[in-house]
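Asker: Quick one, what's the 3D model for this:
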Amino acid sequence: MKHLFLKSLPAAMLLALMSYVGAQEPSITIDTSKTTIKTSPLLYGIFFEEINRAGEGGIYAEMIQNRSFEDKSRVDEVRNTPLAWGVGNAEASLDRSQPLNRNNSTSLKVKTQAGGFICNGGFIRDFNGRDPGSIAVTSGDAYDLTFFAKTGSKTDLKISFEEGSSTLASASVSIDGDTWKKYSVTLTPNKTARESILKIGTDAPAEFSLDMVSLFPQKTWKGRKNGLRPDLMERLVAMKPAFVRFPGGCFVEGVGLENRAI
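Answerer: Residues are numbered from 1 along each chain as shown. Predicted coordinates for the structure are as follows:
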């Protein structure tokens, strides 16, 4: 049967089949001594795409994940709990009854017992307040924390960097008033840590609301307040790209032609 099949093939196809069966592995030879097509050096650059923490948690120096309490997973939405935040001896729930503004529709309502707190571990997955965080701080460097808060009665908040059982830096802020007000404090850790968390707590039972909890190092690229991380930016600058495509990826394509980036 096999021989009959081969005899029925045209001569050209038979030769091609025999040649293919006996052929060696294909190879490509590149002669770098010859230039065929000149390419403009301006075509070599880099592009930015907000994926895998390239921006938030990456080049952007913000150190708090879900600072505005707008981010949520399906589980967090069902439980009405804040993504990336943990609690200790306290209750925390998402609140949309009195938003900070129309762009920040969700705030965090907190009810603590004595010694209760909420905490953020930075940009790690599934942080629950008990696992090691990923907020890296350097001894002697200053970090600026800002947040909006409101409360029914004057409340003293204890704010700190903690790694395990060690307190790296601490400060106190008194909040007062049932309307949103902005507060700020600077924390300077006494030692370098790579797995610290930010804690906001109270000594006495209290009820208060928070929004836009933001933490930035004072040392940013070119010293710009709330700017970019200097370590990553210095490496990008060292590459000397001819251009930076921003935004990149699907942000350029858009959902449709009407909202694509031009």
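Asker: Now tell me which helix or strand of the chain has the poorest mean pLDDT.
Answerer: Every helix and strand in the chain was compared by mean pLDDT, DSSP states H and E; the lowest is helix 2-8, with a mean of 45.
Asker: Do you know the pLDDT at Leu17?
Answerer: Confidence at Leu17, expressed as pLDDT, is 57.
Asker: swap that for Gly121, sorry
Answerer: Reported pLDDT for Gly121: 96.
Asker: That one and Gly133 touch, don't they?
Answerer: Yes: counting by CB atoms under 8 Å, Gly121 does reach Gly133; the two are 3.1 Å apart. C-betas here are computed from N, CA, C, even on glycine.
Asker: Mutual contacts of these two, please.
Answerer: Shared contacts of Gly121 and Gly133 (CB atoms under 8 Å, 6 or more residues apart in numbering): 127, 197.
Asker: Roughly how far does Ile28 sit from Arg229?
Answerer: 40 Å (CB to CB, to the nearest Å).
Asker: the domain parsing of the protein - what is it?
Answerer: As given by automatic domain parsing, the domain ranges for the chain are 39-55+222-262, 74-219.
Asker: Minimum distance to Met63: which of those has it?
Answerer: Relative to Met63, the nearest member of the domains of the chain by CB to CB is domain 74-219, separated by 4.3 Å.
Asker: Show me where the protein dips below the pLDDT cut-off.
Answerer: 1-24, 74-75, 249-262 (pLDDT under 70).
Asker: now the strands for it?
Answerer: 46-47, 85-95, 107-120, 135-137, 143-151, 155-163, 166-175, 181-187, 193-201, 206-217, 244-245 (DSSP state E).
Asker: any chance of the ones you listed in CSV, plus distance to Asp126 and mean neighbour count?
Answerer: Below are those laid out as CSV (distance: least, CB to CB, whole Å; neighbours: other CB atoms under 10 Å):
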stretch, distance to Asp126, mean neighbour count
strand 46-47, 30, 14
strand 85-95, 10, 18
strand 107-120, 13, 20
strand 135-137, 16, 21
strand 143-151, 23, 20
strand 155-163, 19, 20
strand 166-175, 23, 16
strand 181-187, 25, 14
strand 193-201, 14, 22
strand 206-217, 19, 20
strand 244-245, 33, 12
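Asker: Could you dump those strands into CSV with distance to Ile64 added?
Answerer: Shown next, in CSV, are those (distance: least, CB to CB, whole Å):
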stretch, distance to Ile64
strand 46-47, 27
strand 85-95, 9
strand 107-120, 5
strand 135-137, 8
strand 143-151, 9
strand 155-163, 12
strand 166-175, 15
strand 181-187, 12
strand 193-201, 7
strand 206-217, 5
strand 244-245, 26
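Asker: picking that back up, I'd like the domains of the chain written out as JSON lines, with distance to Met63 added.
Answerer: As requested, these are exported to JSON lines (distance: least, CB to CB, whole Å):
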{"stretch": "domain 39-55+222-262", "distance to Met63": "10"}
{"stretch": "domain 74-219", "distance to Met63": "4"}
